[in-house]
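Student: I'd like to go over a predicted model; first the sequence, then the structure.
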Amino acid sequence: MIPSTDSLVKVDKASKKYCRNLKKSLWYGMRDVASELLPIRSSRSKAENSAGSLRPGEFWANKDISFELRRGECLGLIGHNGAGKTTLLKMLNGLIKPDSGSIEIRGRVGALIALGAGFSPVLTGRENIYVNASILGLSKAETDAKLQDILDFADIGEFVDAPVQSYSSGMAVRLGFAVASALSPDILLLDEVLAVGDVAFQAKCFNKLADMRREGVPFILVSHNMHQIARYCDKVIFMKKGQIEFAGDAEEGISRFLADMNQSAHTDSKGPDWSVVNGSGKVVFTAARFLDKKGNQIESIQAGQPLTFEVSFECRETPVVDPVLDVVIRCSGETVFQATNRSANQPLGSLPPRGKLLLRFDSIPMNSAPLDFYFCLLDGVSRELFDWKRDLRLPVIADSSQTGTIRLKPKWSIDHRPESLI
């Protein structure tokens, strides 16, 4: 038994580099393997592989990462896409090794880093349970004793005896989490995968995590959902471009991350390119803007205020009858709203040659993080994609009275008007 005061995970200046070019990456890999196998390494190889050097085409996925994780702690890993979070988890799980620095793990690691990771697609769910348990050092008798608990938690019914390759993403997450949490891990690693499951299963998973935490099992959680991070994590590591930007208190780390996102929203977001048609072009989007409750154009919105999203279009071929407008809104990489006019029982009818589509929300209950709008127009029968635009960003100003809400309420209406009438 490891004393509770000891570190179960200790990472000291761990670094990992990759190469953007596949051919160079393969060549570098062969040279690195050869240099490790040879009893005497050349001075050139030593220089090329030194901790601070990069060869042509290489970049640091992780650079000088150091932290400790003790029993019962929950560490949140946050950062933009490409910040190096998943690479760090893969090093912790032993899937890849650091190019420099050290990682010490004391105990058995349970990991859910990607959908279906660790599962053989041709084996059944039941067979994969036994394979994973065997890899973790459990005997068949020990696995037999845990099997029913795993099946009950996963709740995938008769599909447990079907090949994993036939599973949906939600089923893969159910089985993966059930296995990772049930096989008595000393440390648990979770990378965003819980976002795939339904709300009821997510609640079930987080209740299980709370139970494990009370038993002293620490876990590392990667998520773009800051509400989950704030609720379940004692501390966070905010990563940026492969390095630790901040490590410490969860609330402060989240504040720094959101502030960095807001700054990036003003400097990096260029919005959609209206000159490019992403589809057949039978109908094209020509502009979009955000309006307040008085119909005035706005560049940002206060959380809790109503919003109208207005999209201008032009029909280059007619007639276009009863198309489908599909709108997705994301916040910090997570989908917080997705619906179509058809799901809201709001048919568009026959489109005029030019006009505007208006999507109305009763309120915007998000805090601080900007919202990214993705929208497309489809043929209602054939599903032909007419045009698609993405990354139209709306900054949201925090409202202290709006707390705990992580999803946009699906109260909306939609209509279209000929441009001449607006």
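Tutor: Looks like it came in fine. Numbering: from 1, shown residues only.

Student: CA only for contacts and neighbour counts going forward, please
Tutor: Noted.

Student: for the residue minimising distance to the centre of the chain, which non-adjacent residue is closest in space?
Tutor: Central residue of the chain (C-alpha atoms, centre = their mean): Glu192, 5.0 Å from the mean position. Among residues not flanking Glu192 along the chain, Ser223 sits closest, at 4.8 Å (C-alpha to C-alpha, 6 or more residues apart in numbering).

Student: same question for Ile129.
Tutor: In space, and not counting its chain neighbours, Ile129 is closest to Val179: 6.6 Å by C-alpha to C-alpha, 6+ apart.

Student: now whatever helix or strand Ile229 lives in, how far from the chain's geometric center?
Tutor: Secondary structure from DSSP states H and E places Ile229 in helix 226-232. Centroid separation for helix 226-232 versus its chain: 14 Å, with C-alpha atoms, centre = their mean, to the nearest Å.

Student: quick check: next helix or strand after it?
Tutor: Following helix 226-232 toward the C-terminus (DSSP H and E): strand 235-240.

Student: what are the buried residues along the helix or strand just after that following strand?
Tutor: On the C-terminal side of strand 235-240, the closest following helix or strand by DSSP H and E is strand 243-249. By neighbour count with 16 or more other C-alpha atoms under 10 Å, strand 243-249 contains the buried residues Gln243, Ile244, Phe246, Ala247.

Student: using CSV, list the CA coordinates for stretch 70-78.
Tutor: In CSV, the C-alpha atoms belonging to stretch 70-78 read as follows (Å, rounded to 0.1, in the frame of the first residue of the first chain):
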residue,chain,number,x,y,z
ARG,A,70,-1.1,12.6,-4.9
ARG,A,71,-3.7,10.1,-3.7
GLY,A,72,-7.2,11.4,-3.8
GLU,A,73,-6.4,14.5,-5.9
CYS,A,74,-8.1,15.4,-9.2
LEU,A,75,-6.1,17.3,-11.7
GLY,A,76,-7.7,19.1,-14.7
LEU,A,77,-5.8,19.5,-17.9
ILE,A,78,-7.0,22.5,-19.9
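
Student: and the nearest residue to Arg214 once chain neighbours are set aside, what's its pLDDT?
Tutor: Beyond its immediate neighbours in the sequence, the residue positioned closest to Arg214 (C-alpha to C-alpha, 6+ apart) is Gly72, lying 6.9 Å away. Listed pLDDT for Gly72 reads 87.

Student: next: Val196.
Tutor: In this prediction Val196 is given a pLDDT of 59.

Student: just list the residues touching Gly76, thanks.
Tutor: Going by C-alpha atoms under 8 Å, 6 or more residues apart in numbering, Gly76 touches Ile220, Leu221, Val222, Ser223, Ile229, Cys233, Asp234, Lys235, Val236, Ile237, Ala250.

Student: in the stretch 251-400 of the chain, which spans are strands?
Tutor: Here the stretch 251-400 of the chain has its strands, by DSSP state E, counting those that start in this stretch, at 283-291, 297-298, 301-302, 307-315, 324-331, 334-340, 354-361, 371-378, 385-394, 396-397.

Student: what lines up beside the second one in the sheet?
Tutor: Using DSSP bridges, strand 297-298 pairs in its sheet with strand 283-291 (antiparallel).

Student: between strand 385-394 and the strand it pairs with, find me the angle.
Tutor: Orientation check (axes from the mean of the first three to the mean of the last three C-alpha atoms, to 10 degrees): strand 283-291 against strand 385-394 gives 20 degrees.

Student: just how off-centre is strand 283-291 within its chain?
Tutor: Mean-position distance between strand 283-291 and its chain equals 28 Å (C-alpha atoms, centre = their mean).

Student: ditto for stretch 202-219
Tutor: 20 Å.

Student: return it as PDB; C-alpha atoms alone will do.
Tutor: Output of stretch 202-219 as PDB, limited to C-alpha atoms (Å, rounded to 0.1, in the frame of the first residue of the first chain):
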ATOM      1  CA  GLN A 202     -22.200  11.400 -17.800                       C
ATOM      2  CA  ALA A 203     -23.900  11.900 -14.500                       C
ATOM      3  CA  LYS A 204     -23.400   8.200 -13.700                       C
ATOM      4  CA  CYS A 205     -19.700   8.500 -14.600                       C
ATOM      5  CA  PHE A 206     -19.100  11.500 -12.500                       C
ATOM      6  CA  ASN A 207     -20.800   9.900  -9.500                       C
ATOM      7  CA  LYS A 208     -18.500   6.900 -10.000                       C
ATOM      8  CA  LEU A 209     -15.500   9.300 -10.100                       C
ATOM      9  CA  ALA A 210     -16.700  10.800  -6.800                       C
ATOM     10  CA  ASP A 211     -16.800   7.300  -5.200                       C
ATOM     11  CA  MET A 212     -13.300   6.500  -6.500                       C
ATOM     12  CA  ARG A 213     -12.000   9.800  -5.200                       C
ATOM     13  CA  ARG A 214     -13.400   9.000  -1.800                       C
ATOM     14  CA  GLU A 215     -11.400   5.700  -2.000                       C
ATOM     15  CA  GLY A 216      -8.300   7.700  -2.700                       C
ATOM     16  CA  VAL A 217      -8.000   7.100  -6.400                       C
ATOM     17  CA  PRO A 218      -6.600  10.300  -8.100                       C
ATOM     18  CA  PHE A 219      -7.600  11.100 -11.700                       C
END
